[in-house]
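>>> Kindly return the folded structure for what I paste below:
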Amino acid sequence: MKTSILAVSMLALLAGGALAQGVQPLAMPAEIAAPKDAAYPGTMRLHVDATDTARHIFRIRQTVPVAGAGRMTLLFPRWLPGTHAPTGRIEQLAGLSIRAGATRLEWTRDAVDGFAFHVTVPNATPSLEIEFQILTAVDGSQGRIVMTDEMLNLQWNAVALYPAGYYASRIPVEASVRLPDGWQFGVALDTASTQGGVTTFKTVSFDQLVDSPMFAGRYFKRFELGRTGTAPVFLNIVADRAELLEAKPEHIDAHRSLVDQAHKLFGSYHYGRYDFLLALTDRMGGIGLEHHQSSENGTIPAFFTDWDKSADTRGLLPHEMAHSWNGKFRRPADLWTANFNSPMRDSLLWVYEGQTQYWGYVLTARSGLFDKQQALDSIAATAAAYDYRRGREWRPLQDTTNDPIIAMRRPIPWRSWQRSEDYYSEAQLIWLDADTLIREMSKGQKSLDDFARAFFGVNNGSFAPVTYTFDDIVKTLNTVQPHDWAKFLRTRLDSVGEGAPLDGIARGGYRLAYTDTPTAYYRDSETRRRTTDLTYSLGMAVGRDSKLSDVQWEGLAFKAGLTVGTELVAVNGVAYSADRIKDTIKAVKTTSEPIELIVKNGDRFRTVRIDYHDGLRYPRLERNMAQPARLDDILASRNN
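This is a model prediction of the structure:
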């Protein structure tokens, strides 16, 4: 009997295998034409009606010349510079209509690539007429708000189709826009004409157009910040209300100094003019995005009017401007692509973003946007965050360069363990390490400033991108100061283990310490973000609505079963408040009693006890007189 059953089972398996072998995958559709470095036959025209701010709708008309009859593929930009990821919002496109003269053409979306549309062009058709709408978010739950009654952010990549088969830099385009009456705008494009409420810009490549977004608004002000070489630099500001535009002269002077200090650092410029686009708003979504000749920057409405309490917001513009050299002019070779639908590779983001983060903080200090103490306090906050980043025990920094693609900045439950784009600020500490090491080995004769000028300062005045590899970085570092820089970098990028890379702080003449009183920088940041930061005591941060906004992996809150979203109801039997929990942490420092919390998750309440008696802990840098104050030198303004 057993033998018969086994035989039947084997026959069934063999039969199943035979059936499986008979199934073959369906052939994929024809591949979309790869981009080629050839001139496009004609100039696209792109018109954007941006007047429907009440419903947050862009209405688009395009004229796209065609090379001839037959199959043509139109692409919606998917892989976006600055995001380093496939973040194009194709789902916002609606109402697509394609015509050849008066004839409406049928289109089909590619079955594999949802960002590609195929259409058959009839004979004797010089161009296609295309219309559609871009339905942007009307609520924050749908994505970033880019239109309000007071302002808008027009990104050309979000409102255009373009032909497959060509480098984006070889496709000419004439763009125009209609804005609400009375609105003004900032954009790194030259105006060709303004007529009947429509502004038309001079023809540029599609690549340059996408790299030249617009901020426009009802309340607008423009300041000239000076020049780098012969190129003027402007600060274009839109705001929710007119009074928010009232910057004091010293505020604008600090931004003028930023332009001056950036030019002194890099010794070159790579733009015809540079336009900071700055939105002071809590209605339009925040942003920080670099471009070659401009940058998109969104910050708090009271950036100028509450200047003394918002130091932690001032590093945005220096960071984004530094990208004009690092990321836009000099660009990682594996990140450069021929069009906006070719996949990017992010392996060098620890240079692209990490060194830019370093220079951003340095320029913030050198320009006077930070004073020296604020700069030191900001570095302390970064160092402490990574010294407590438990994910460093299993995941190397190099691997976090994949985060834009695999995570796309979606919220995650355990950031301290999972890690998230740490190539920004942990890499900032690595570049501080490199800078202080160069200064030490050269006895103060050389620094990372020399690397910046040698690496980013080439081809002064040229707009053409120059790509780089890991070997190029190592080679230039060695021309500044001979050392085994490949080993230096790979050790810090590929290793895992406890503790942040703090050698740069130590060599810079400081040490990371914790006290029971926050620095003014840390305190003001907490207040502005409406956060109670207990990261270095209870291992958690409390955000708005008394809910935890962060929980440290394996910290005390974690061990008590608390998670992001847990609501704090009471502390030692009294209703929760920020002051109450801080006072309790102080009080139990001299007792053996645990801290008792009543917490809520969903409709469940419970009581947890945390046995902690080390008081409040906040990071700061303390001077170590045994080392030269190299960090002070790094942060000091340059005279030449």
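
>>> what about the helix or strand Thr382 falls within, average pLDDT?
Element membership of Thr382, judged by DSSP states H and E, is helix 372-387. Averaged across helix 372-387, pLDDT comes to 97.

>>> ditto for stretch 419-428
For stretch 419-428, mean pLDDT rounds to 97.

>>> cool, and stretch 434-450?
Mean predicted confidence for stretch 434-450 is 98.

>>> Next, work out how far apart the residue lying closest to Arg630 once chain neighbours are set aside and Leu317 are.
Once flanking residues are discounted, Arg630 sits nearest to Gly508: 4.5 Å by Cβ to Cβ, 6 or more residues apart in numbering. In this view, the C-beta of every residue, glycine as well, is placed from N, C-alpha and C. The spacing between Gly508 and Leu317, counted by Cβ to Cβ, to the nearest Å, is 25 Å.

>>> Between those two, tell me which one has more neighbours.
Neighbours per residue (other Cβ atoms under 10 Å) separate Gly508 from Leu317, with Gly508 holding more: 28 against 25.

>>> what's the spacing between that one and Arg61?
From Gly508 over to Arg61 the distance is 56 Å, taken as Cβ to Cβ.

>>> Return the set of buried residues in stretch 543-558.
For stretch 543-558, a neighbour-count test (16 or more other Cβ atoms under 10 Å) marks Gly543, Ser546, Leu548, Ser549, Asp550, Val551, Gln552, Trp553, Gly555, Leu556, Ala557, Phe558 as buried.

>>> Could you work out the most separated pair of those residues?
Ser546 and Trp553 (22.0 Å; Cβ to Cβ).

>>> Please identify which of the buried residues of stretch 543-558 is nearest to Ser420.
Asp550 (11.3 Å).

>>> Not counting sequence-adjacent ones, nearest residue to the closest one?
Ala541 is the one closest to Asp550 (Cβ to Cβ, 6+ apart), at 4.3 Å.

>>> do the same with Asp113
Per Cβ to Cβ, 6+ apart, closest to Asp113 is Ile32, 6.3 Å.

>>> who's in contact with the one you found?
Neighbouring residues of Ile32 by Cβ atoms under 8 Å, 6 or more residues apart in numbering: Thr73, Leu75, Asp110, Asp113, Ala116, Ala164, Asn341.

>>> ok, the third one - contacts?
Read that as Asp110. Neighbours of Asp110 in contact, by Cβ under 8 Å, 6+ apart: Pro29, Ile32, Thr73, Ala116, Phe117, His118.

>>> And the last one, which helix or strand is it part of?
It stands for His118. strand 116-121.

>>> So what touches that strand?
Residues external to strand 116-121 that are found in contact with it (Cβ under 8 Å, 6+ apart): 32, 66, 68-76, 96, 98, 100, 105-110, 128, 161, 164, 341.

>>> picking that back up, report the contact partners of the residue nearest to Asp550.
Neighbouring residues of Ala541 by Cβ under 8 Å, 6+ apart: Thr531, Thr532, Asp533, Leu534, Thr535, Leu548, Ser549, Asp550.

>>> redo that, cut-off 6 Å
Ala541 sits next to Thr531, Asp533, Thr535, Ser549, Asp550 when contact means Cβ atoms under 6 Å, 6 or more residues apart in numbering.

>>> Let's verify the fourth one: helix, strand, or coil?
So the one you mean is Ser549. Counting by DSSP: H, G, I helix; E, B strand; the rest coil, the backbone at Ser549 sits in strand.

>>> So which residues of the stretch 401-550 of the chain form helices?
Here the stretch 401-550 of the chain has its helices, by DSSP state H, counting those that start in this stretch, at 403-406, 415-418, 425-441, 448-456, 470-480, 485-494, 503-507, 520-529.

>>> Low-confidence stretches in this protein?
1-20 (pLDDT under 70).

>>> just so I have it, where are all the strands in the stretch 51-200 of the chain?
57-65, 70-75, 93-100, 103-105, 107-109, 116-121, 127-135, 151-154, 162-163, 172-178, 184-187, 191-195, 198-201 (DSSP state E, counting those that start in this stretch).

>>> Partner strands of the shortest one and their direction?
Sheet pairing for strand 162-163, assigned by DSSP bridges, gives strand 70-75 (antiparallel).

>>> who touches the partner strand?
Here strand 70-75 has contacts from Ile32, Ala116, Phe117, His118, Val119, Thr120, Val121, Leu161, Tyr162, Ala164, Asn341, using Cβ under 6 Å, 6+ apart.

>>> Could you do stretch 580-599 as well?
537, 566, 568-572, 607-611, 613, 615-616.

>>> So which bits of that stretch are buried?
In stretch 580-599, counting by 16+ other Cβ under 10 Å, buried: Ile581, Lys582, Thr584, Ile585, Val588, Ile595, Leu597, Ile598, Val599.

>>> again, but for stretch 385-399
Buried residues in stretch 385-399, counting neighbours by 16+ other Cβ under 10 Å, are found at 385-392, 395-399.

>>> Okay, now that stretch: how far is its last residue from its first?
Its first and final residues considered, stretch 385-399 spans 18 Å by Cα to Cα, to the nearest Å.

>>> which helices and strands sit right next to the helix holding Thr382?
Judged by 3 or more Cβ pairs under 6 Å, 6 or more residues apart in numbering; DSSP states H and E, helix 372-387 is in contact with strand 618-623.

>>> Listing partners with orientation, what would you give for the strand it packs on?
strand 510-515 (antiparallel).

>>> Name the surrounding residues that touch the strand it pairs with.
Ala383, Tyr536, Arg617, Pro619, Arg620, Leu621, Glu622, Arg623, Asn624, Leu631.

>>> and the angle for that strand with helix 372-387?
If you take axes from the mean of the first three to the mean of the last three Cα atoms, to 10 degrees, strand 510-515 sits at 80 degrees to helix 372-387.
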